[in-house]
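Student: next come a sequence and a model predicted from it.
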Amino acid sequence: MCGRCGVECITDISFPDVWIDLREMCMDSGVKIDVVEMVGKTISEKKNVADQPNEERNVWLKKAKLDFAPSTVEKADVVLFVGCMGEYYPQSQPMVRAFAQVMEAAGIKFAIMGEEEY
């Protein structure tokens with residue numbers, strides 16, 4: 001839910017709340033939505049929404065050209081939560097790499113959770 005309906009709607013209806021309530025009503029009444037079931041199964045089995053091997057979470061790091069491997073840092077000031085979109089989807093990876101590079105350039109000691117991030 002992007003929340004755009006809350007920006008465009010002139011009726012002041014909180015659509016994110018409506019959608020959440022609707023989802024709860026569907027679940028409570030036993031209505032199953034195929035795509036929701038599929039995504040839930042994918043997350044349970046693969047530990048990510050991309051339906052990719054969990055071991056490939058750090059692939060985005062290859063092009064980051066950092067001076068260290070944030071996946072091996074044991075103690076850090078910040079844990080960067082990359083998330084499935086930044087780890088698996090090529091269109092999001094440049095942003096994640098750039099953020100990691102900025103943090104490194106700023107001298108911020110950070111780590112990522114890698115395969116443990118689920």
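Tutor: Structure's in. What do you need?
Student: please state the offset of stretch 46-61 from the chain centre?
Tutor: In terms of CA atoms, centre = their mean, to the nearest Å, the centre of stretch 46-61 is found 11 Å from the chain centre.
Student: again, but for stretch 41-61
Tutor: With CA atoms, centre = their mean, you get 11 Å for stretch 41-61.
Student: the most centrally placed residue in the chain: what's it in contact with?
Tutor: Of all residues in the chain, the one closest to the mean position by CA atoms, centre = their mean is residue 83, 3.0 Å from it. By CB atoms under 8 Å, 6 or more residues apart in numbering, the residues touching residue 83 are residue 117. (Glycine included, C-beta is placed from N, CA and C.)
Student: ditto for the one 5 residues further on
Tutor: Applying CB under 8 Å, 6+ apart, we find residue 88 in contact with 48, 50, 52, 56-57, 59.
Student: next, give phi and psi for the residue nearest to the centre of the chain.
Tutor: Backbone torsions of residue 83, given as degrees, to the nearest 10, read phi 80, psi 170.
Student: test my guess that residue 64 contacts residue 101.
Tutor: Yes. Residue 64 is within contact range of residue 101, at 6.5 Å (criterion: CB atoms under 8 Å).
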